[in-house]
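In: Here is the input, now give the coordinates:
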Amino acid sequence: MDISSLFDAKSIVADLGLIGILAILFSETGLLIGLAFPGDSLLFIAGLAASGSASALLGGVHLSPVGLFIGAPIAVIAGSQLGHFIGAKYGRKLFDRREGRFFTQARVASSEKWLNKYGIGKAIILARFIPFIRTLINPMCGVVGISARKFFIWNSIGALIWTESVISLGYLLGEKLKGSIDKYLLPIIAVIVIVSLAPIALEVIREVRTKRHLS
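Out: All right, here's what the predicted structure looks like:
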């Protein structure tokens, strides 16, 4: 398995199995290198694999539903707590790093704005469904001084809602569309990606309109 496959949800499930899925979820929420990992589509395809309907599509892989439904939220909670710890320990300097392909100051600003706009609980829960922000908001909470205990409570709620809902979507569709899921897979993943990116797009549009109004 080459490095590029780590950014492809189907390859992760087919080649790495349950342990690989949990490791990617942990990395996406706990480490800045996880900014580019496909969390939403990975959970969805993992749900398909757990249903058994995607066996042929994923090279015969069948995931344990119990292991997936229990392991996924635990991996996300643990990863997010690590992210919070890193933010609390290293502070603002963590976000002053040079810009790269995936890490940008604009995304840092978006995460901070997200936290300020919605407040701690709502921001953490909603962030789980949004790429980049679900990675950056964890250390950001540590940077601004949110206690580890308070963060853990909202982190756990958000992790459970995100992982169980997206996995369940894949699992239930897999059970319903057995034998024909392959022709629906790409369109469904495309919809998931579009929906997950929609809040960011709306924020950008609002910001552009505000700037035009003030200028």
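In: Any idea which helix or strand in this protein has the lowest mean pLDDT?
Out: Least confident helix or strand of the chain, by mean pLDDT, DSSP states H and E, is helix 182-214 with a mean of 61.
In: what bits of the chain have low per-residue confidence?
Out: Counting by pLDDT under 70, the chain contains low-confidence ranges at 1-7, 52-60, 94, 97-105, 107, 177-190, 192-215.
In: residue ranges of the helices in it, please?
Out: Remark: helices assigned in the chain by DSSP state H are 9-30, 39-51, 65-90, 105-118, 120-127, 133-143, 148-176, 182-214.
In: between those, which one is nearest to residue 96?
Out: Among the helices of the chain, the nearest to residue 96 by Cβ to Cβ is helix 105-118 (8.7 Å). C-beta coordinates here come from the backbone N, C-alpha and C atoms, glycine included.
In: what comes up buried for the closest one?
Out: 107-108, 110-112, 114-115 (16 or more other Cβ atoms under 10 Å).
In: if I pick the residue lying closest to residue 22 once chain neighbours are set aside, what's in contact with it?
Out: Using Cβ to Cβ, 6 or more residues apart in numbering and skipping residues adjacent in sequence, the residue nearest residue 22 is residue 75, 4.2 Å away. By Cβ atoms under 8 Å, 6 or more residues apart in numbering, residue 75 lies in contact with 22-23, 25-26, 29.
In: Now with 7 Å, please.
Out: 22, 25-26 (Cβ atoms under 7 Å, 6 or more residues apart in numbering).
In: okay, these in JSON lines with neighbour count next?
Out: Shown next, in JSON lines, are these (neighbours: other Cβ atoms under 10 Å):
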{"residue": "22", "neighbour count": "21"}
{"residue": "25", "neighbour count": "30"}
{"residue": "26", "neighbour count": "21"}
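In: now, among those, which is nearest to residue 45?
Out: residue 25 (12.6 Å).
In: if I pick that closest one, what's in contact with it?
Out: Counting by Cβ under 7 Å, 6+ apart, residue 25 makes contact with 39, 72, 75-76, 79.
In: Most neighbours among those residues, which one?
Out: Using other Cβ atoms under 10 Å as the neighbour test, the contacts of residue 25 are led by residue 76, with 28 neighbours.
In: From residue 140, how far off is the nearest residue to it once chain neighbours are set aside?
Out: Nearest non-adjacent residue to residue 76, counting by Cβ to Cβ, 6+ apart: residue 159, 4.0 Å away. Distance of residue 159 to residue 140, given as Cβ to Cβ, to the nearest Å: 17 Å.
In: Please apply the same query to residue 108.
Out: Using Cβ to Cβ, we find residue 108 at a distance of 8 Å from residue 140.
In: Also residue 74?
Out: The value you get for residue 74 to residue 140, if Cβ to Cβ is used, is 22 Å.
In: quick one: which of these two has more around it?
Out: Legend: neighbour count by other Cβ under 10 Å for residue 74 and residue 140, higher for residue 140 (25 against 16).
In: my guess is the more buried one meets residue 114, correct?
Out: No - the criterion here is Cβ atoms under 7 Å, and residue 140 misses it with residue 114 at 8.6 Å.
In: Adding distance to residue 96, write the helices of the chain out as CSV.
Out: Formatted as CSV, the helices of the chain follow (distance: least, Cβ to Cβ, whole Å):
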stretch, distance to residue 96
helix 9-30, 20
helix 39-51, 25
helix 65-90, 10
helix 105-118, 9
helix 120-127, 21
helix 133-143, 11
helix 148-176, 22
helix 182-214, 22
